[in-house]
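Participant: 3D model of this:
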Amino acid sequence: MGQDGGGACGSGLGSGHARSSRPWREWLVTDGRYGIRRFSEDLAEVARAMGGRPALIGASLGGLAGLYAEAEIAPGGFSSITLVDIVPNMDPDGAAKVMEFMNAHVAQGFGNLEEAADVIAAYLPHRPRPADHSGLAKNLQQGDDGRFRWHWDPGVVSGMQSCRSLRDADAFQARLTGLTLPVHLIRGRLSELVSREAAETFVAQLPNGKFTDVAGASHMVAGDRNDAFLSAAVGFLERLDRQTRAYDG
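Facilitator: As a prediction, this is how the structure comes out:
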């Protein structure tokens, strides 16, 4: 569905942010922390490996890394970028809340999936709680001690904290205004991380920006309103694909 024959590239993750056959610590940068540059280099390498110019869909950190990759690491690497509830000028209090949630049970983990479901329900009270918790297994890893822990390396949170400093990086912001590729921001209307004002300000500075506000969704847009998220994301890419075909024809 992506332009330039590159397909679509989805990213809510980077090094240390999902399942991998490589040990966590092999992914760490030399100072023992993840940083936005490392995540961005990962995405740029994925795009090169796919060939062409894929359309990136980046949730949260993946979206921010995609912007950085396009602006700083490998300009022209993507045909479009869809950001899922993330902007460089994110709300610091909201970001702190997200990271507090990610850090809360890093060491002790959970005795079972039910315990993890309790924590998620408390963090996302607006989301209906499923009767079957087996789906959580994809977000957790069971250790040798039998306890379940989030599948990300705890060092990722430190990397996210370094990403927050981008909201004050004037040079990075200046490069964003020069991005000519289509950029689509999908925000959860209940987002604790991206205010409507921040979303509108961000999109207004882009030469080719689009904004979709999803009702009934928080920062976890795809999880809260998957139907609305897919409709917005796929609809955007399909329109770009039709435009490309019309231009080529």
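Participant: When you work out contacts or count neighbours from here on, use the C-alpha atoms and nothing else.
Facilitator: OK.
Participant: Compute the distance between the residue nearest to the spatial centre of the chain and Leu67, please.
Facilitator: In the chain, the residue lying closest to the centroid (CA atoms, centre = their mean) is Ala59, at 2.1 Å. In this view, Ala59 and Leu67 are 11 Å apart by CA to CA, to the nearest Å.
Participant: what mean pLDDT does stretch 193-201 have?
Facilitator: Here stretch 193-201 scores 95 as its mean pLDDT.
Participant: change the start of the numbering to 264 and stick with it
Facilitator: Noted, 264 is the first residue going forward, which turns the last one into stretch 456-464.
Participant: ok, and what's touching that stretch?
Facilitator: Under the contact criterion CA atoms under 8 Å, 6 or more residues apart in numbering, stretch 456-464 has outside partners 348-350, 352-358, 448, 450, 452, 474, 482.
Participant: Show me what counts as buried in the longest helix along the chain.
Facilitator: For the chain, the longest helix by residue count, based on DSSP state H, is helix 489-511. Using 16 or more other CA atoms under 10 Å as the burial criterion, the residues of helix 489-511 that qualify are 491-492, 495-496, 499-500, 503-504.
Participant: show me what contacts Val477?
Facilitator: Contacts of Val477 by CA under 8 Å, 6+ apart are 449-452, 484, 488, 491-492.
Participant: Nearest to Gly406, out of the residues you listed: which one, please.
Facilitator: Val484 (28.9 Å; CA to CA).
Participant: Please pull out the lowest mean pLDDT helix or strand from the chain.
Facilitator: strand 271-274 (a mean of 56; mean pLDDT, DSSP states H and E).
Participant: Can I get the helix or strand containing Ala434 in CSV? Just the C-alpha atoms.
Facilitator: Using DSSP states H and E, Ala434 falls within helix 433-439. What follows is helix 433-439, C-alpha atoms only, in CSV (Å, rounded to 0.1, in the frame of the first residue of the first chain):
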residue,chain,number,x,y,z
ASP,A,433,15.2,24.2,17.9
ALA,A,434,17.3,22.6,15.2
PHE,A,435,15.1,19.5,15.0
GLN,A,436,11.9,21.6,15.0
ALA,A,437,13.4,23.7,12.2
ARG,A,438,14.0,20.7,10.1
LEU,A,439,10.5,19.4,10.6
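Participant: so how far is it from its chain's centroid?
Facilitator: Distance, stretch centre to chain centre, for helix 433-439: 20 Å (CA atoms, centre = their mean, to the nearest Å).
Participant: Tell me the helix or strand right after it.
Facilitator: The element immediately downstream of helix 433-439 (helix or strand, assigned by DSSP H and E) is strand 446-451.
Participant: Run through who's touching that next one.
Facilitator: Here strand 446-451 has contacts from 343-349, 457, 462, 466, 469, 471-484, 492, 495-496, 499, using CA under 8 Å, 6+ apart.
Participant: Where helices are concerned, which of these count?
Facilitator: Among these, the members falling in helices (DSSP H) are 462, 466, 484, 492, 495-496, 499.
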